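Asker: Need coordinates for the following:
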Amino acid sequence: MKKCLLLALIFLSFNLTGFAQGKPLNLKCEYLINPLGIDSPNPRLTWSIDDSREGAKQTAYQIIVGKDSTQVVNGQGQIWDTRKVASDNVLVTYAGKELEPFTRYYWKVNTWDKDGSQSSSNIQSFETGMMDISNWTGAWIGDGGDKEYEPAPYFRKAFEAKKTIKSVRAYICAAGLYELYVNGEKIGNHRLDPMYTRFDRRNYYVTYDVTSQMQQGKNAIGVLLGNGWYNHQSIGVWDFHNAPWRNRPRFVMDLRITYTDGTVETIPTERDWRTSSGELIFNSIYTAEHYDARLKHEGWNTPDFDDSKWHGVGYRGTPSQNIVAQQIQPIRNVEEIPAKTVKQLNDTTYLFDFERNMSGVTRFRISGDEGTVVKLKHGERLYDNGYLDMRNIDVYYRGDREKDPFQTDVYILSGKGEEEFMPKFNYKGFRYVEVISSKPLTLNESNLTAYFMHSDVPPIGKIKTNNELFNRLWWATNNAYLSNLMGYPTDCPQREKNGWTGDGHFAIETALYNFDGITVYEKWLADHRDEQQPNGVLPDIIPTGGWGYGTDNGLDWTSTIAIIPWNIYMFYGDSKLLADCYENIKRYVNYVNRIAPTGLTSWGRGDWVPVKSHSNKELTSSTYFYVDTKILANAAKLFGKEDDYNYYSGLAEKIRNAINDKYLNKETAIYASGTQTEQSVPLQWGIVPEELKVKAAEQLAKKVEEAGFHLDVGVLGAKAILNALSENGQAEAAYKVAAQDTYPSWGWWIVNGATTLLENWDLQAERDISDNHMMFGEIGGWFFKGLGGIFPDHKQPGFKHILLKPNFVGLTQFEAEYDSPYGKIISKWERKKNNVTYEVTVPANSSATFFLPDDIKGEERSINLDAGKHVLKLNIVKKK
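Answerer: Residues are numbered from 1 along each chain as shown. Here you go, the predicted model:
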């Protein structure tokens, strides 16, 4: 037992023993487990330490990389051997021999603990892909159709493998979307590959191990192409039908066969492939798919299929010269959700209710007469008569509502027994599905199944409280986040599917506390770099076909270019994304500095969708100008750019002073007119002078108390208000706002049945009324911060050192778990009247500082904690 000089504080430490203390676990290459087909010449290698002993840490490491797994097991690294390095680093960039394309490398880590004992990891691997565009053998091919031609193109190639096969890899890149088949079997469980990019500037290819699908002798490859965002035939206000890259889908592929005798044969895309249209007669990423089962080519992707009636293919232009590996967590059908109820509305219409809002698709099983037309209409709301109401989500659709109905799949039956349909190149946002048939059908719950579809990012955070409203709200926030993650963060999965920049950075901390999403954000920030104009300007939505370069695409939205790389650095301790974006951030800040030489600017959208108040846009936009400039200065210091650091530090202070000189009443500590947003945004982002923070927070608390602890904010205030309160001595007020369950509040949505977050506080609003939106999602991160008190330390980022600042308010029980790069952090507390038991788990190789809340007794206001589990007994002092 460890004694601590604190009145009414008992400090206990526990040693938890295990059978493999110090063993390196969670080995990843480029944040992926055993990735296939990477392009990075210097991949990042990461791991953590399994050691629950008190004070556990790594004192040294050794990385061994080789082509022969047996030699690596035996400690022989022909490609790279770091030898023993005295370091506690768990993120190391590869610096061995030059990596070769198409090569599997094996690696392991040896680590030494605090006592000098060595432990070894299991063997992991990574495999390189093309590494360079010059290594492609195949040609870009297509079917010769026009971009307005609707039926999807099918392609096939039959060939023989004349020797005994050792391994086979398929490398495929498409402008559009694809499904790949080998000998009749669909390859992989990814959806919507490749990821959406600015197609004329970046294209992703994907690598598959298809060894088990191949056979000696006759084989066949099948590829089906979809339009995706490359060929947007449906018309919406966002102008994707006018995108500069728009064209008929095309693809390139190399099938690389390695035989047991060591020889290699490549089957490339060439003019000897065959193509035809088929049963997929229309597909739109934005609206739906139409499928005529009568046109199905049975066995089209098998070796013995007769393709004599199919046509030849032609060469097509390469969409860009930047074809790179898709090193991103893929989109998948992650969760199967059965229909909860089904109601027959008339002889030909049924209404299925899944009792959850989600992004995804439905699988329809049906038997019926040939030619029967079934429409599956997906939506979020119902009319009073029980029929589907699309008015909240089809408002920006400008297409033909008869020929291409919004979010409505069309299936034409073949009449050949039980049939099954699930869209291949589309997803929707929905809770309900209205099934309408041209002939009477008998349906029940088993006929329709939903799939929650999103980027399959691993969950790493968990919240558990004695307040069921909080538990449901955390779950609903994550549902909304995942519904809006499709290789890039979106605003909503139905009405728009756009990568709105503001929505992305408002939710970044919620994202990173709950999910391991670094690969998605590195991809999205590459999209930012691709989209940025030479003068530094960014569009509202990224990627874009051209829309979004208006007058409001300013700082409160497009600060993604700085805020997200900084948060990735804080949460992962990895500065690569920040370095990759450094010049882009600088270009962006310099642009704003040119148009706003005083340090004040109104460039932005403002506090979007507030309850009723209207906040000063110059105040909020200038605050984000300060934030971006401060991040740039910090990055300059990190990267040793002294001149930049001095210049941008000075600029940041100039902006801060300009804001305070114009908008801060130094006597009252009120900003502008004192709305919740105007008061919370300067507190959240460090604008308030240190000596006025307490008073400014008191004024904010007074403001929310006057509103009955209800919200009166839009998106900027929703991001700031809880943090501004709980991090400045007003945690009780923050709790009351978060726990509010009457209008307007987050809880109001939940008690009214929401399973995701909404776009509008007002359930009766007539615009901005998506029922699956992430822009108000900061509360999902606040649970970890405002109650759990888990913060990264900018001096030792990636939770190498953890700042623990919990607030023991409102609840009797609270627990937050977060899987940091070093291991699981647990912040758990139980309150009984004025007594609090606080349990903390600090992972191996990390440390923490616990800061006592103001209402806790104790002469010392902070306690340093080593790795291990700690229990603290605390007494709360009642406020006078």
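Asker: where does the nearest residue to residue 508 once chain neighbours are set aside land in three-state SS?
Answerer: Spatially, and ignoring its direct neighbours in sequence, residue 508 is nearest to residue 567 (4.9 Å; C-beta to C-beta, 6 or more residues apart in numbering). C-betas here are computed from N, CA, C, even on glycine. Classification of residue 567 using DSSP: H, G, I helix; E, B strand; the rest coil returns helix.
Asker: Around residue 567, count how many other residues there are.
Answerer: Neighbourhood size, residue 567 [other C-beta atoms under 10 Å]: 21.
Asker: residues contacting it?
Answerer: 508-509, 512 (C-beta atoms under 8 Å, 6 or more residues apart in numbering).
Asker: Identify each buried residue in stretch 109-127, please.
Answerer: Of the residues in stretch 109-127, 109-114, 119-121, 123-127 count as buried by neighbour count, 16 or more other C-beta atoms under 10 Å.
Asker: Repeat that for stretch 648-664.
Answerer: 648-649, 651-652, 654-656, 658-660, 662-664.
Asker: Give the rounded mean pLDDT of it.
Answerer: Averaged across stretch 648-664, the pLDDT comes to 98.
Asker: ditto for stretch 412-422
Answerer: pLDDT averaged over stretch 412-422 gives 97.
Asker: Span of that stretch from start to end?
Answerer: 13 Å (C-alpha to C-alpha, to the nearest Å).
Asker: just stretch 392-411 next, same as before
Answerer: 25 Å.
Asker: Now do the same contact list for the residue nearest to residue 363 when sequence neighbours are not counted.
Answerer: Distances taken as C-beta to C-beta, 6+ apart place residue 422 nearest to residue 363, at 4.2 Å, with adjacent residues excluded. By C-beta under 8 Å, 6+ apart, the contact set of residue 422 is 361-364, 451.
Asker: do residue 243 as well
Answerer: 199, 229, 232, 545-546.
Asker: Could you rerun that using 10 Å?
Answerer: Going by C-beta atoms under 10 Å, 6 or more residues apart in numbering, residue 243 touches 198-200, 229-232, 543-547.
Asker: returning to that earlier point: cross the buried residues of stretch 648-664 against helices and list the overlap.
Answerer: In this view, the buried residues of stretch 648-664 that belong to helices under DSSP state H are 648-649, 651-652, 654-656, 658-660, 662-663.
Asker: before we move on, the earlier item: just give me the closest of the contacts of residue 567 to residue 627.
Answerer: residue 508 (12.5 Å; C-beta to C-beta).
Asker: Quick check: residue 630 is in a strand.
Answerer: No: applying three-state DSSP, one finds residue 630 to be helix, outside a strand.
Asker: could we number from 292 for the rest of this?
Answerer: Sure, I'll start counting at 292 from here, so that last one is residue 921.
Asker: distance of it from residue 1090?
Answerer: According to C-beta to C-beta, to the nearest Å, residue 921 stands 22 Å off from residue 1090.
Asker: These two: who's more crowded?
Answerer: Each of residue 921 and residue 1090 has its neighbours counted (other C-beta under 10 Å); residue 1090 has more, 27 against 22.
Asker: Isn't residue 398 up against residue 318?
Answerer: Yes: here residue 398 reaches residue 318: they are 7.4 Å apart, a contact under C-beta atoms under 10 Å.
Asker: Look at these two and report which has more neighbours.
Answerer: Each of residue 398 and residue 318 has its neighbours counted (other C-beta under 10 Å); residue 398 has more, 24 against 21.
Asker: What's opposite that one in the beta bridge?
Answerer: residue 356, residue 415 (DSSP bridges).
Asker: show me what contacts it?
Answerer: Taking C-beta under 10 Å, 6+ apart, one finds 318, 320, 334, 336, 354-357, 360, 363, 368, 370-371, 385, 387, 412, 414-417 in contact with residue 398.
Asker: sorry, back to before: just put the contacts of residue 534 in CSV and tack on pLDDT.
Answerer: Formatted as CSV, these follow (pLDDT from 0 to 100):
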residue, pLDDT
489, 97
490, 98
491, 97
520, 98
521, 98
522, 98
523, 97
834, 98
835, 97
836, 95
837, 94
838, 95
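Asker: excluding its backbone neighbours, what's nearest residue 1104?
Answerer: That would be residue 757: by C-beta to C-beta, 6+ apart, it lies 4.2 Å from residue 1104.
Asker: For burial, what's the neighbour tally of the one you found?
Answerer: Counted with other C-beta under 10 Å, residue 757 comes out at 14.
Asker: thought it was touching residue 1120?
Answerer: No: counting by C-beta under 10 Å, residue 757 does not reach residue 1120; the two are 11.0 Å apart.
Asker: Name the residues contacting each of those two.
Answerer: By C-beta under 10 Å, 6+ apart, the residues touching both residue 757 and residue 1120 are 1102-1106.
Asker: Kindly give a single PyMOL line that selects the buried subset of those.
Answerer: PyMOL command restricting those to the buried ones, with burial defined by 16+ other C-beta under 10 Å:
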select buried, resi 1102+1105+1106
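Asker: tell me the pLDDT at residue 1148?
Answerer: 86.
Asker: Hmm, residue 1163 and it touching each other?
Answerer: No: at 11.8 Å, residue 1148 does not count as touching residue 1163 under the criterion of C-beta under 10 Å.
Asker: of those two, who's got more company?
Answerer: residue 1163 (22 against 14).
Asker: okay, that one: pLDDT?
Answerer: 96.
Asker: Show the backbone phi and psi for the residue lying closest to it once chain neighbours are set aside.
Answerer: Leaving out its chain neighbours, the residue that sits closest to residue 1163 by C-beta to C-beta, 6+ apart is residue 1129, at 4.5 Å. In terms of degrees, to the nearest 10, the main-chain angles of residue 1129 are phi -110, psi 120.
Asker: gap between residue 1129 and residue 1117?
Answerer: 11 Å.
Asker: Of those two, which one has the most company?
Answerer: For the pair residue 1129 and residue 1117, the greater number of neighbours falls to residue 1129 (23 against 17), based on other C-beta under 10 Å.
Asker: Can you list the strands that the longest strand along the chain pairs with?
Answerer: For the chain, the strand with the greatest residue count under DSSP state E is strand 640-657. Applying DSSP bridges to the sheet, strand 640-657 is found paired with strand 632-637 (antiparallel), strand 710-712 (antiparallel), strand 719-728 (antiparallel), strand 739-746 (antiparallel).
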